[in-house]
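J.: Need the 3D shape of this:
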Amino acid sequence: LALKYIGGYSEYKFKQRGDVDNTSRASYLDAATGVTVSTFAINETIENKRWQSHELQLISTDEGDWDFIGGLYHYYEDVFQYFSNRYPNEPALLQPKYMISPANPSITAANPNAPPNPLYLSYYQDGQVKGSAYAVYAQTSYDITDAWRLTGGLRYSFDRKSGTERNRQVSFNPFLDRNPALPGVQSIAVDNTADPFALDNPALTQNALRGAARPLGASWDGVTARLNLDWRPNDATLIYGNVNKGYKSGGFKTGQYDQLPYVGEESVITYELGYKASIGADLTLSAAAFHNDYEDLQLPITITNANNVIQRVFVNAPSSFSRGFELETTWRPTRNLQLLGVYSYLDTEIEEGPLAQDVVRGGFRPTAGNDLVRSPNHKATVNGIYTLPLFEGELSLIGTYSYTGKQYYEIFSLPFYKQDGFSR
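T.: Sure, this is the predicted structure:
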């Protein structure tokens, strides 16, 4: 037996600040009214991430019919993301007001004060997520004969994520501040940030918790498995079949006070039959057919939340499938020329899913019976490489043609959302 450790640590920090319109112009003069309207705004984006992984493996070193690998795995990450948009020349932003209610939308100096806004923010969001993943696994293979090999494996995974999110939105009208036709009239900024603890309340009543940090957190676990049978009738041919059970942890979205921030775990059972062969020294062929059954597939949909804000969220579809086949060949007709061809066919369907809002066309529509998002039926690629000797090295001339069939960029398989096939 051999004991092996694999570990790693990495981090990066990103910060970007820029003028919103990417020009040197800070204002413009409205010719009809003589109003000088400020256009100076600053966007700032920050992302800080660090992560580490540790894996301990126990590996068999015996050269017999059996081999074995088992291990423990741990992964940790800490991610912080920030985005803001501020207008430093707009004094109205310093002390925004609350709207009393949608039924009473008037904004005057008598309205209650929102928290001070010393950074002149019109929009702000941040989110911090800490995630840990743990797993224990084992896999073994047995040579039944010289031609047949059986492999089986099990893995248990546990995932935990926790975090916080903050958001603030302040509206204002810079035209009113500088309009000589309206002497004494001053723009009043309105804090229309959602209350993260009452997102089902469309009234937006005054609440001191607006813009407060909303905690998020959940955990998920799953058992995955693998069973594979290989047959090698000769040294140049492999025929295989396998069944696998997969798992994908759930998660949540931060930064915008989503009404539906969570999505549950997803699992899949896959079936695959495959063939690989080398014909002589210049030709290889491979083919595979597959069928995937998904349970609680994580599905992207668009909704309008209780505060009339359009948001992109994920929900679970109870039952879906994808199936198809793939073909690939590599041929070297001459010493200098190599040709590669790849083709795949894919058929997908949501068999059982929730109703989802069609925010463009209006109303709610069933997701059942639709294709999976961005799942083209046909894809093909032809690639050629011609190599020429050049001085002490080589010069490679490469040409590629690819085709991608029609697909839908939204969950509804309607002509309105269809992207036609294209080649390049």
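J.: Show me the strands in the stretch 1-150 of the chain, by range?
T.: 2-19, 27-30, 35-38, 42-59, 66-86, 97-98, 121-143, 148-171 (DSSP state E, counting those that start in this stretch).
J.: Who are the packing partners of the shortest one?
T.: Counting contacts by 3 or more CB pairs under 8 Å, 6 or more residues apart in numbering; DSSP states H and E, the secondary-structure elements packed against strand 97-98 are strand 190-191. The C-beta positions use only the backbone N, C-alpha and C, and glycine is treated the same way.
J.: tell me the mean pLDDT for the strand it packs on?
T.: Averaged across strand 190-191, the pLDDT comes to 84.
J.: who does that strand pair up with?
T.: Take DSSP bridges as the rule and strand 190-191 pairs in its sheet with strand 97-98 (parallel), strand 148-171 (antiparallel).
J.: wait, which of the ones you listed is closest to Leu397?
T.: Closest approach to Leu397 among the strands paired with strand 190-191 (CB to CB): strand 148-171, 40.7 Å.
J.: in the closest one, what's buried?
T.: 149, 151, 153, 155, 157, 159, 161, 163-171 (16 or more other CB atoms under 10 Å).
J.: swap in stretch 72-84?
T.: Across stretch 72-84, burial judged by 16+ other CB under 10 Å covers Tyr73, Tyr75, Glu77, Val79, Phe80, Gln81, Tyr82, Phe83, Ser84.
J.: same thing with stretch 279-293?
T.: Thr284, Ser286, Ala288, Phe290, Asn292, Asp293.
J.: can you put these in a markdown table and add distance to Ala114?
T.: Formatted as a markdown table, those follow (distance: CB to CB, whole Å):
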| residue | distance to Ala114 |
| --- | --- |
| Thr284 | 67 |
| Ser286 | 63 |
| Ala288 | 59 |
| Phe290 | 55 |
| Asn292 | 50 |
| Asp293 | 51 |
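J.: list the contacts for Glu351?
T.: Under the criterion of CB atoms under 8 Å, 6 or more residues apart in numbering, the neighbours of Glu351 are Ser319, Ser320, Phe321, Ala368.
J.: Now for the residue lying closest to Asn117 once chain neighbours are set aside, how many residues are close by?
T.: Using CB to CB, 6 or more residues apart in numbering and skipping residues adjacent in sequence, the residue nearest Asn117 is Leu93, 5.3 Å away. Leu93 has 24 neighbours, counted by other CB atoms under 10 Å.
J.: Then Asp146?
T.: When neighbours are counted by other CB under 10 Å, Asp146 comes out with 7.
J.: show me what contacts the residue nearest to it when sequence neighbours are not counted?
T.: Excluding the flanking residues, the one nearest Asp146 by CB to CB, 6+ apart is Arg232, at 8.0 Å. Neighbour list for Arg232: Asp146, Ala147, Trp148, Arg149, Leu238, Ile239 [criterion: CB under 8 Å, 6+ apart].
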